[in-house]
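Student: sharing a model prediction with you, sequence too.
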Amino acid sequence: MAFTIKQNDTSPQIAATLQDGDGTAIDLTSATVKFHMKKVGAAAATTDADATVLDANTGSVKYVWTSTDTAVAGSYLAEFEVTYTNGGIETFPNDQSIAILITEDLA
């Protein structure tokens, strides 16, 4: 999955349907979801914030950008991290990261 947004923009939001390896939607009932993003090559995440569960039964989530998330142009990697009620943690996608490209703003 790849996503492109312009520097300093907060729209469009990034959305995903979280699925297991068989393509079955993850049940997010009572779970919490975080969105993590870091610049390629960086040691630490630049974004570590709550995501919104749109539909718990279908695994549908989104992240609403803030202006600080997109302030620096460049290539980033991102993921959604789910914490279940039993304390278990699972990251999506689990076989790669979401490629985020923040393109330079002209003005």
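Tutor: Thanks, I have it.

Student: who does the closest residue to T4 other than its chain neighbours bridge with?
Tutor: Among residues not flanking T4 along the chain, L101 sits closest, at 4.6 Å (CB to CB, 6 or more residues apart in numbering). Yep, even glycine has a C-beta here, placed from its N, CA and C like the rest. Counting by DSSP bridges, L101 forms beta bridges with T4, S75.

Student: roughly how far does L101 sit from D9?
Tutor: Per CB to CB, to the nearest Å, L101 is found 12 Å from D9.

Student: kindly report the same for G59.
Tutor: When distance is defined by CB to CB, G59 is 26 Å away from D9.

Student: now S30
Tutor: Distance of S30 to D9, given as CB to CB: 32 Å.

Student: neighbour count winner among these two?
Tutor: Shown here are S30 and D9; by other CB atoms under 10 Å, D9 has more neighbours (14 against 10).

Student: for the more buried one, what are its contacts?
Tutor: W65, T70, D105 (CB atoms under 8 Å, 6 or more residues apart in numbering).

Student: same check on A31?
Tutor: For A31, the contact set (CB under 8 Å, 6+ apart) comprises V53, A56, V82, T83, Y84, T85.

Student: verify the contact between the third one and I26 for me.
Tutor: Yes. V82 lies in contact with I26 (CB atoms under 8 Å); the separation is 6.8 Å.

Student: anything in contact with each of these two?
Tutor: Here V82 and I26 share the contacting residues L18, E90, F92, scored by CB under 8 Å, 6+ apart.

Student: number of residues surrounding the first one?
Tutor: The number of residues packed around L18, counting by other CB under 10 Å, is 23.

Student: so it versus A49, what's the distance?
Tutor: When distance is defined by CB to CB, L18 is 17 Å away from A49.

Student: ok, back up a step: out of the contacts of D9, which is nearest to K39?
Tutor: Among the contacts of D9, T70 lies closest to K39 (CB to CB), at 11.8 Å.

Student: doesn't the closest one fall inside a helix?
Tutor: No. Counting by DSSP: H, G, I helix; E, B strand; the rest coil, T70 is located in no helix; its state is coil.

Student: excluding sequence neighbours, find me the nearest residue to it.
Tutor: Nearest non-adjacent residue to T70, counting by CB to CB, 6+ apart: I102, 5.3 Å away.
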